[in-house]
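>>> Fold the following.
(2 chains)
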Amino acid sequence: MSKKIFTIAIILLFSLVSFADNRLESDSVAVATASEGKMNIPEFILEHIGDSYYWHIATYKGHEISIPLPVIVRSADGEWHLFSSSRFEHGHSSYKGFKISHSEKYRGKIVETSAQGEEIRPLDFSITKNVFALMINSSILVIILLLCARWYRNKGTTEANPKGFVAAIEMFIMSIVDGVIKPCVGKNYKRYTPYLLTAFFFIFINNLMGLVPIFPGGANITGNIAITFTLAMFTFVIVNIFGTREYWKEIFWPNVPWWLKVPVPLIPVIEVIGMFTKPFALMIRLFANILAGHSVIIGLVCIVFVTVELGTAMNAGMTVLSVIMTTFVNLLEVLVAYIQAYVFTILSAVFIGLSQAEPHHQKSH
Amino acid sequence: MSLLTPDIGLLFWMLVCFGIVFFLLAKFGFPIIVNKVDERKKFIDDSLNSAKAANERLAGIVKESEDIIRHSREEEVRILKEATEIKAKIIAEAKQQAQEEVARMIADSKLAIEKEKEKAMNDINNAIAEMSIAIAEKIMRKQLDRSEEQRAFVDKLIAEAQSAA
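The predicted structure is shown next:
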């Protein structure tokens, strides 16, 4: 019990740190932008939730402190290039014909200029901030779970009960297995347990790390459409590859009056569309929730800087409000981090369960 | 809007990362943990069942031992009772035997005394007859014929005398 409280306390602590650092980071950026003129809030928010070729840590006295990341691009002539993103000098210079675009279409992305003077996008496999964070989070996840697995392999469960951290992880795993996978998937649940658990923990750790603003965290990973798209694709593929005959029959020849199927295959068309809307809903739900959470937190922090010009008293009052609201939303986001991982897992499990349909006992007509 | 268009590079790296994570965890992570937890559940269930069975057996054993004790008590009482009976019987038998023996011995000795007495009487009779004859001889001064006839006559006389006495 005390361990549980301890874990919760740690999570709370993280969110407080998160809030504090959001402030710090924004502070320095705001100072930098303030010197140039009025702060552009939407751009500021978009920059924070978007991807980047640097890992920006802080701006100190107009000097940006950031970690440069490797750029891997293939130019139009088919040649691969690998260089550090520090060559761009924060978008101020170009390197080997590549530069960071400032145009509306490819804002913040690496482009090269064609012979016609147009910006074209090269094949870009750069290790961006999101990719780097993804790798860090994946490593953390793998290390944590393999350490837990090692505990089980060494100890043998008939000798001892896990305590502390391993017990906490076991609680998460078994709550998902017993509460989600078993009831939703049905009798073949063992086959899908590894995927569903991986999905849950992958989303969960990326959500949580997204709430930690200091270095290894803070990237908006699960709020990126490419990430949620991949996750949804995995579910889609698993659902349709392991779908039973009955599942396909229900799509193409469902048990409805014949005139709904022939000559116009109304219900089959709806069912086929349904095949795609299910993973689409998964993708959008996770993406939108996490993106919104990050945006709201940054937006609330920005109140502090927006109200600077309203005078000291007003600014102080709004700062207190901002702190309270940010803390609240950050705590809410911790909840959301779990809930969204849980929802993704439960919906994937339900979709897989539906694809495991068994023939009904036909009623005699 | 760039937020809604998936970036090909990120897509690729996500596929790689998630693929590796999935592979590692599906092979070395979750199955081990889940199986071990299931095993533990089974072990706990088994332990509970065997503990229940052991308790039942223990209760059975207690009852059995109580039965044994009770039975042995009964046996003890029964044996004691039997022993007492046997004792009484043996004593009674011994007494009876002794009495019979004594009676027999008394009877034997009476018989022997009777015989001895008779024998002594005969001896006395003979001696008296001899003496009588001798006395008569002397009295009569006459050598009487010591035939068997004489003797039988004397015996008859003695018997008469005896019965008279």
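>>> can you pull the pLDDT of the residue most central in space within chain B?
In chain B, the residue lying closest to the centroid (C-alpha atoms, centre = their mean) is residue B:79, at 8.0 Å. Per-residue pLDDT puts residue B:79 at 95.
>>> For the host helix or strand of it, name the packing helices and strands.
Assigned by DSSP states H and E, residue B:79 belongs to helix B:30-140. Under the contact definition 3 or more C-beta pairs under 8 Å, 6 or more residues apart in numbering or on different chains; DSSP states H and E, helix B:30-140 sits against helix A:129-155, helix A:164-176, helix A:189-211, helix B:148-164. Just so you know, the C-beta spots here come from the backbone N, C-alpha and C atoms, and that holds for glycine as well.
>>> For the last one, name the packing helices and strands.
Right, the one you point to is helix B:148-164. In terms of contacts (3+ C-beta pairs under 8 Å, 6+ apart), helix B:148-164 is packed against helix B:30-140.
>>> and the angle for the helix holding residue B:79 with helix A:164-176?
100 degrees (axes from the mean of the first three to the mean of the last three C-alpha atoms, to 10 degrees).
>>> Show me the helices in chain A, by range?
Using DSSP state H, the helices found in chain A span residues A:2-36, A:41-49, A:129-155, A:164-176, A:182-185, A:189-211, A:225-241, A:245-252, A:266-306, A:312-355.
>>> Select the helix or strand of chain A having the lowest average pLDDT value.
One helix or strand of chain A scores below all others by mean pLDDT, DSSP states H and E: helix A:2-36, with a mean of 49.
>>> so where is chain B shaky, pLDDT-wise?
Low-confidence segments of chain B, defined by pLDDT under 70: B:1-2, B:139-146, B:165.
>>> ok, now with 50
B:1 (pLDDT under 50).
>>> neighbours of residue B:108, just the number please.
10 (other C-beta atoms under 10 Å in any protein chain shown).
>>> ok, now residue B:85?
Per other C-beta under 10 Å, the neighbour tally for residue B:85 reads 10.
>>> And it, how far from chain A?
Using C-beta to the nearest C-beta, to the nearest Å, residue B:85 is found at 63 Å from chain A.
>>> residues contacting that residue?
Residue B:85 makes no contacts at all, as judged by C-beta atoms under 8 Å, 6 or more residues apart in numbering or on different chains.
>>> Quickly note the distance from it to residue A:187.
Counting by C-beta to C-beta, to the nearest Å, the gap from residue B:85 to residue A:187 is 76 Å.
>>> next one: residue A:207
Distance, residue A:207 to residue A:187, using C-beta to C-beta: 31 Å.
>>> what about these two, which has more around it?
Each of residue A:207 and residue A:187 has its neighbours counted (other C-beta under 10 Å); residue A:207 has more, 25 against 9.
>>> I figured the more buried one was touching residue A:222, is that so?
Yes: contact between residue A:207 and residue A:222 holds when scored by C-beta atoms under 8 Å: they sit 5.3 Å apart.
>>> Now do the shared contacts for those two.
Counting by C-beta under 8 Å, 6+ apart, the contacts common to residue A:207 and residue A:222 are A:290, A:340.
>>> and the helices of chain A as TSV, adding distance to residue B:10?
Formatted as TSV, the helices of chain A follow (distance: least, C-beta to C-beta, whole Å):
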stretch	distance to residue B:10
helix A:2-36	22
helix A:41-49	14
helix A:129-155	6
helix A:164-176	27
helix A:182-185	30
helix A:189-211	13
helix A:225-241	4
helix A:245-252	32
helix A:266-306	13
helix A:312-355	18
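>>> most packed of these?
helix A:189-211 (a mean of 23; mean count of other C-beta atoms under 10 Å in any protein chain shown).
>>> Quick one: mean pLDDT for that helix?
92.
>>> angle of that helix against helix A:41-49?
Angle of helix A:189-211 versus helix A:41-49, following the same axes, to 10 degrees, is 130 degrees.
>>> And chain B, is helix A:189-211 touching that?
Yes: Helix A:189-211 reaches chain B (C-beta under 8 Å from any C-beta of the partner chain) through A:193, A:194, A:195, A:197, A:198, A:201, A:202.
>>> Among the residues you listed, which one sits closest to residue A:237?
Of all those, residue A:237 sits closest to residue A:195, with 10.1 Å by C-beta to C-beta.
>>> Might you list the low-confidence residue ranges for chain A?
Residues of chain A meeting the criterion pLDDT under 50: A:16-36, A:364-365.
>>> how is it carved up into domains?
For chain A, the structural domains run A:70-126, A:129-355, going by automatic domain parsing.
>>> Centre-most residue in chain A?
By C-alpha atoms, centre = their mean, the most central residue of chain A is residue A:222, 0.5 Å off.
>>> just checking, it touches residue A:211?
No: contact criterion C-beta under 8 Å: residue A:222 and residue A:211 do not qualify, at 10.7 Å.
>>> So residue A:284 versus residue A:276, what's the distance?
Using C-beta to C-beta, one gets 12 Å for the distance from residue A:284 to residue A:276.
>>> same check, this time on residue A:215
Taking C-beta to C-beta, one finds residue A:215 at 38 Å from residue A:276.
>>> out of everything not next to it in sequence, what's closest to residue A:134?
residue B:17 (5.0 Å; C-beta to C-beta, 6 or more residues apart in numbering or on different chains).
>>> what's around that neighbour, how many residues?
Applying other C-beta under 10 Å, we find 22 residues neighbouring residue B:17.
>>> check contacts around it.
Residue B:17 neighbours (C-beta under 8 Å, 6+ apart): A:131, A:134, A:135, A:138.
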